[in-house]
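Student: With the input below, show me the fold.
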Amino acid sequence: MGQSVLVVDDDPTVSDVVRRYLERAGFAVRLAADGSGALDAYAAQRPDLLVLDLMLPGIDGLEVCRRLREQDRDLPIIMLTALGEESDRVLGLEIGADDYVTKPFSPRELVLRVQSVLRRTAPPAPSGELVDGELRVDVARRIATLRGATLALTVREFDLLVFLMRNPGRVLRRAELLEQVWGWTFGDQSTVTVHMRRLREKVEDDPADPKRILTVWGVGYRYEFADA
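Tutor: All right, here's what the predicted structure looks like:
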């Protein structure tokens, strides 16, 4: 078996189907049926990726996501959400989930999402450092600092920042960002909006008046070097 995936869902039928599809794709899979079980399983052995249902007995998925993100900013997390849970989905992304899949879902689609997130977790081939004034991004080591302090960026936030800094001055549509950063050719573009807001809170002195990540209304975003 290859990389490990922890699947957390209280529906044994869903868990079993997901486990079988992931194992066929070469992943080592562990299962948990509730929030406490998820936290215990993580403590026993950190997985390479977490598939997390939001609707769990006891400690719900949002709280599990919040607790794990506080101690592990690099753990890739894919949420499983019901079709009508848009507010919870947005909250999950704000807490730090990297991706989501809406129930009912295709197990094949979930496997593709897992593979996509893990590819983006791996250190990228291009190395070097991106510098924008006091904002410095070490691409190879996946470390971003502002005024010497390390920024607590999730995997997706780091990838998004790198893509923006490598394309300064370009107007980047949300659909392009979804494809280039998330690996999606379709999906809810509010995902980009949520991550941009979180990223601004970490790299802008005043997120309400950003100088680096600018909104191009009705289109997308543009990155401008602050020291230009």
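Student: for the lowest-mean-pLDDT helix or strand in the chain, packing partners?
Tutor: Lowest by mean pLDDT, DSSP states H and E among the helices and strands of the chain is helix 86-95, with a mean of 78. Contacts defined by 3 or more Cβ pairs under 8 Å, 6 or more residues apart in numbering; DSSP states H and E place helix 86-95 against helix 61-71, strand 77-82, strand 99-103, helix 190-203. In this view, the C-beta of every residue, glycine as well, is placed from N, C-alpha and C.
Student: For N167, see how far away the residue nearest the centre of the chain is.
Tutor: Centroid-nearest residue in the chain: D98, 1.7 Å away (criterion: Cα atoms, centre = their mean). Distance, D98 to N167, by Cβ to Cβ, to the nearest Å: 21 Å.
Student: Over to R119?
Tutor: Here R119 is placed at a distance of 20 Å from N167 (Cβ to Cβ).
Student: Helices of the chain, start to end?
Tutor: Secondary structure of the chain (DSSP state H): helices at 12-24, 35-44, 61-71, 86-95, 107-121, 155-165, 174-177, 190-203.
Student: Could you identify which of these is most buried?
Tutor: helix 155-165 (a mean of 22; mean count of other Cβ atoms under 10 Å).
Student: and it, what does it pack onto?
Tutor: Contacts defined by 3+ Cβ pairs under 8 Å, 6+ apart place helix 155-165 against helix 107-121, strand 129-132, strand 135-138, helix 190-203, strand 220-223.
Student: Output the ones you listed in a markdown table, with distance to R30 appended to each entry.
Tutor: Output for the helices and strands packed on helix 155-165, formatted as a markdown table (distance: least, Cβ to Cβ, whole Å):
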| stretch | distance to R30 |
| --- | --- |
| helix 107-121 | 14 |
| strand 129-132 | 36 |
| strand 135-138 | 32 |
| helix 190-203 | 27 |
| strand 220-223 | 38 |
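Student: E63: which of these is closest?
Tutor: Closest to E63 of the helices and strands packed on helix 155-165, according to Cβ to Cβ: helix 190-203, at 18.4 Å.
Student: so the closest one versus helix 155-165, what angle?
Tutor: Interaxial angle of helix 190-203 relative to helix 155-165 (axes from the mean of the first three to the mean of the last three Cα atoms, to 10 degrees): 80 degrees.
Student: next one: helix 190-203 to chain centre, how far?
Tutor: 11 Å (Cα atoms, centre = their mean, to the nearest Å).
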